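Student: model the structure of this input:
(chains A and B)
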Amino acid sequence: MTNRAQKVKLNSVELDRMNLDQALRDFEVSNARVLDLTQRLIDSERRRREVEAEVETLRSRLDEVASHGNGADRPTAEPTPFAERVARWTLRRAKTAAKTLLRRPS
Amino acid sequence: MLLAITVYNGRSFVPACLTSAKLLEQHTAEIDVLILDDCSPEEGFSAFLEQHCVERGFIYYRTPRNLGIVRNVNMGLLAALEGGYDFVIISNSDVVYSKQTVDHLLVAYNSNPGIGSVTGFSNNVSIFSIPNVDPDLHLSKQASVDWVAESLARQFKGVAVDVPAGISFCILIPASVIQTVGLMDPVFGRGYCEETDWTLRSLARGYRITLAPAAFVYHRGRGSTVAAGMVSGGHSTVPENEAVIDFRYPLFRDQVNAFVRGGIYDELKTTPVDLLLRVANDQFGHDVQISGAVEVGDAKRVICRVPSDMNEVTISYLGFETRLKLKKGMQPLEVIRKFFIDDTSKTSTNAATNPLNLPIPLGTAAYPLYV
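Tutor: From the prediction side, this is the model:
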């Protein structure tokens, strides 16, 4: 048989008191959660904007790379990757060598 | 022991719940019953309910405003703490208890010091339900509930099976565990999944989540929640609340799957049914019906049906059924005899000598403690 050390007699008055007390606690917890979630929402929104901007930058660079791959004109002032410059130099040298060979009398 | 029953409307089913609560035996605990009327809006219902409580000596409390299931349950937990009770049983109001429900829950709790909650067994207790053809027809009467519980206690008394989560349709919680784990989280709004969250929190604190197969309680199910408009149609849960569980406990669904595939789930479905059929046979005998013959079955006896193709035998009683496959050359009567006679030794034992056929680990949970 379990024994009970009676603390509070359960009646409407006591239950009303518990109800109100707990409602106030629930309110405090809810309020704290709202504050926390609002801060998280702000952080999350900032991060979303950053990621969105990063996506835009990457998308435009992808477009540029794609247009280079198609052989489209590119402003000469624009810096090119080292490998691409080496390839162009090699191509020019090859063309020059080919022309020299073709002009040389057999 | 405080039995806190949450109520929201339900004129058609609440009186049966209160009547069965009044019949609860108090061999192992003194029971106070607290009815928590969550500001039921049905006209005249609260006065009707209060009158029922006065007649039965129950404590009645109607909240000034509707709290929703979660906060109404919390009122029960708080009342247990502040009232100095050792245990609280949180219960729905669309249930019928057996006379021994409280005793069986307590005996299961006392089987191991690490237990943090004990959920009752039922026809409607999520995935742990005992299968029945028509529970509302067969199991809603007090006599039926008492018979099922007494029969299950033959083998399952004192047994606590580890389950992935508790169900608060009827759950025993010690006050000391409430002090450690806290109340249910109001983030679950008007209800559903709050007890999953609470029991998983208790698990994280090292408490076992268990179910007592002997503590059978008839559960109509969705009584209050349908009345409140929380769930409708074929829904049995609130998806938004399940999303909270998935977010907080990413491994929970895997734990449930592990439980389902681990063998205990199948045992919970089949062993109790077989036990009930054998006990019914011991008490009332059985009739065999061969398809095509004149039916001589007595509703108070176990019925064994053999179809004309003789490929199986269906044994049924009170909506509980089991099917025995007949292999070539096997005689139906021999199979029936074997089911009832050769296996009767299993029904005559109890937890002290045979702690179930269920593979229950000693002192540890039956599934990984990931949470």
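Student: helix or strand for residue 93, which one?
Tutor: Let's take chain A. helix A:82-103 (DSSP states H and E).
Student: list the buried ones in that helix?
Tutor: By neighbour count on 16 or more other C-beta atoms under 10 Å in any protein chain shown, the buried set for helix A:82-103 is empty. Using the backbone N, CA and C atoms, a C-beta is placed for each residue, glycine as well.
Student: following the strand or helix carrying B:Leu36, which helix or strand comes up?
Tutor: Using DSSP H and E, B:Leu36 maps to strand B:32-37. As assigned by DSSP H and E, the chain's next helix or strand after strand B:32-37 is helix B:45-56.
Student: close to chain A, is that following helix?
Tutor: No - using C-beta under 8 Å from any C-beta of the partner chain, no contact is recorded between helix B:45-56 and chain A, whose separation bottoms out at 10.3 Å.
Student: touching chain A at all, the helix or strand just after that helix?
Tutor: Using DSSP H and E, the helix or strand that follows helix B:45-56 in sequence is strand B:59-62. Yes - Strand B:59-62 is in contact with chain A by C-beta under 8 Å from any C-beta, via B:Ile59, B:Tyr61.
Student: what about stretch B:271-280, average pLDDT?
Tutor: Averaging pLDDT along stretch B:271-280 gives 94.
Student: stretch B:2-22 now?
Tutor: Average pLDDT, stretch B:2-22: 96.
Student: now that stretch - C-alpha only, CSV.
Tutor: Included here for stretch B:2-22 are C-alpha records, laid out as CSV according to Å, rounded to 0.1, in the frame of the first residue of the first chain:
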residue,chain,number,x,y,z
LEU,B,2,-3.8,10.0,-8.1
LEU,B,3,-5.9,9.0,-11.1
ALA,B,4,-6.2,12.1,-13.3
ILE,B,5,-8.7,11.8,-16.0
THR,B,6,-8.8,14.5,-18.7
VAL,B,7,-12.2,15.3,-20.1
TYR,B,8,-13.5,17.4,-23.0
ASN,B,9,-17.2,16.7,-23.7
GLY,B,10,-18.1,13.1,-24.2
ARG,B,11,-21.5,12.5,-22.7
SER,B,12,-21.8,9.2,-24.4
PHE,B,13,-18.6,7.6,-23.1
VAL,B,14,-17.4,9.5,-20.0
PRO,B,15,-20.0,7.9,-17.5
ALA,B,16,-18.7,4.4,-18.3
CYS,B,17,-15.2,5.6,-17.6
LEU,B,18,-16.2,7.1,-14.3
THR,B,19,-18.1,4.0,-13.3
SER,B,20,-15.1,1.8,-14.0
ALA,B,21,-12.8,4.2,-12.1
LYS,B,22,-15.1,3.8,-9.1
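Student: tell me where the model's unsure across the stretch 1-150 of chain B.
Tutor: Across the stretch 1-150 of chain B, nothing is flagged by pLDDT under 70.
Student: what parts of it come near chain A?
Tutor: B:1, B:27-30, B:32, B:34, B:59, B:61, B:63-64, B:67, B:71, B:74-75, B:78-79, B:82-87, B:106.
Student: related to what we said a few turns ago, give me the contacts around the strand holding B:Leu36.
Tutor: Contact with strand B:32-37 is made by A:10, B:1-8, B:18, B:21-22, B:46, B:49-50, B:53, B:56-63, B:72, B:75-76, B:79, B:83, B:85, as judged by C-beta atoms under 8 Å, 6 or more residues apart in numbering or on different chains.
Student: drop anything exposed from those residues.
Tutor: Listed as buried from these are A:10, B:1-8, B:18, B:21, B:46, B:49-50, B:53, B:58-63, B:72, B:75-76, B:79, B:83, B:85; burial here means 16+ other C-beta under 10 Å.
Student: now the helix holding A:Arg93, how far from the centre of its chain.
Tutor: 43 Å (C-alpha atoms, centre = their mean, to the nearest Å).
Student: now stretch B:179-196
Tutor: With C-alpha atoms, centre = their mean as the basis, stretch B:179-196 stands 19 Å off its chain's centre.
Student: and for stretch A:22-38?
Tutor: How far stretch A:22-38 lies from its chain's middle: 30 Å, per C-alpha atoms, centre = their mean.
Student: mind exporting that stretch as PDB, just the C-alpha atoms?
Tutor: Extracted in PDB, the C-alpha atoms of stretch A:22-38 (Å, rounded to 0.1, in the frame of the first residue of the first chain):
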ATOM      1  CA  GLN A  22       1.300  27.200 -14.200                       C
ATOM      2  CA  ALA A  23      -0.300  29.500 -16.700                       C
ATOM      3  CA  LEU A  24       2.100  32.200 -15.600                       C
ATOM      4  CA  ARG A  25       5.000  29.900 -15.900                       C
ATOM      5  CA  ASP A  26       3.800  28.800 -19.300                       C
ATOM      6  CA  PHE A  27       3.600  32.400 -20.300                       C
ATOM      7  CA  GLU A  28       7.100  33.000 -19.200                       C
ATOM      8  CA  VAL A  29       8.400  30.000 -21.100                       C
ATOM      9  CA  SER A  30       6.400  30.900 -24.200                       C
ATOM     10  CA  ASN A  31       7.700  34.500 -24.000                       C
ATOM     11  CA  ALA A  32      11.300  33.200 -23.700                       C
ATOM     12  CA  ARG A  33      10.700  31.000 -26.600                       C
ATOM     13  CA  VAL A  34       9.300  33.800 -28.700                       C
ATOM     14  CA  LEU A  35      12.400  35.900 -27.900                       C
ATOM     15  CA  ASP A  36      14.700  33.000 -28.700                       C
ATOM     16  CA  LEU A  37      12.900  32.100 -31.900                       C
ATOM     17  CA  THR A  38      12.800  35.800 -33.000                       C
END
